[in-house]
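Enquirer: Dropping a prediction and its sequence here:
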Amino acid sequence: MQDDDVEVWATDEVHFQQHGSRCRMWRPPEIRDPVLLHAPTRKSVGYFGAVRLRDGRFVFRLETGKFNGPSFLQFLQQLHRASRGTGRRVVVITDNAPLSPFPTSQTLARQARPPFRLGLPAAL
């Protein structure tokens, strides 16, 4: 990006899950293929992240609940604070996740100073 008046961020979300699949057990030698039912335990962690395309700066937020509009708004507020000191116009590229067009995030974008734009505009 050649325009020094614009700061472009690319955002995405990621969710890692771990299902229990290994265990140690004793079995009698005559049982060839034992079946062991596991407890329904699952560990998971999710993150929102953004990379500033100008210099590769990375901003992230741990998401312990669901990925939804309010949690995306909290991440956008964090991203706005991270880019506030530059004085540049901010453009945030989002994917087509259903949480991205959340109406409150559009309200935040309109009220932010410097201007904060969500989505990829036709021309910067």
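Expert: Nice, thanks for sending it over. Predicted model only: the values in this text are computed from it and were never measured.

Enquirer: Quick one: the helices in the protein, in order.
Expert: Using DSSP state H, the helices of the chain run over 69-83, 103-111.

Enquirer: Those helices: lowest mean pLDDT?
Expert: Lowest mean pLDDT within these: helix 103-111, a mean of 58.

Enquirer: What are the boundaries of the strands in the chain?
Expert: 6-19, 42-52, 58-63, 89-93, 116-118 (DSSP state E).

Enquirer: out of those, nearest to residue 34?
Expert: strand 6-19 (19.1 Å; Cβ to Cβ). For glycine as for every other residue, the C-beta is placed from the backbone atoms N, C-alpha and C.

Enquirer: Who are the packing partners of the closest one?
Expert: Helices and strands touching strand 6-19, as assessed by 3 or more Cβ pairs under 8 Å, 6 or more residues apart in numbering; DSSP states H and E, comprise strand 42-52, helix 69-83, strand 89-93.

Enquirer: Pipe those into TSV and attach mean neighbour count and distance to residue 9 per row.
Expert: Below are these laid out as TSV (neighbours: other Cβ atoms under 10 Å; distance: least, Cβ to Cβ, whole Å):
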stretch	mean neighbour count	distance to residue 9
strand 42-52	15	5
helix 69-83	18	6
strand 89-93	20	5
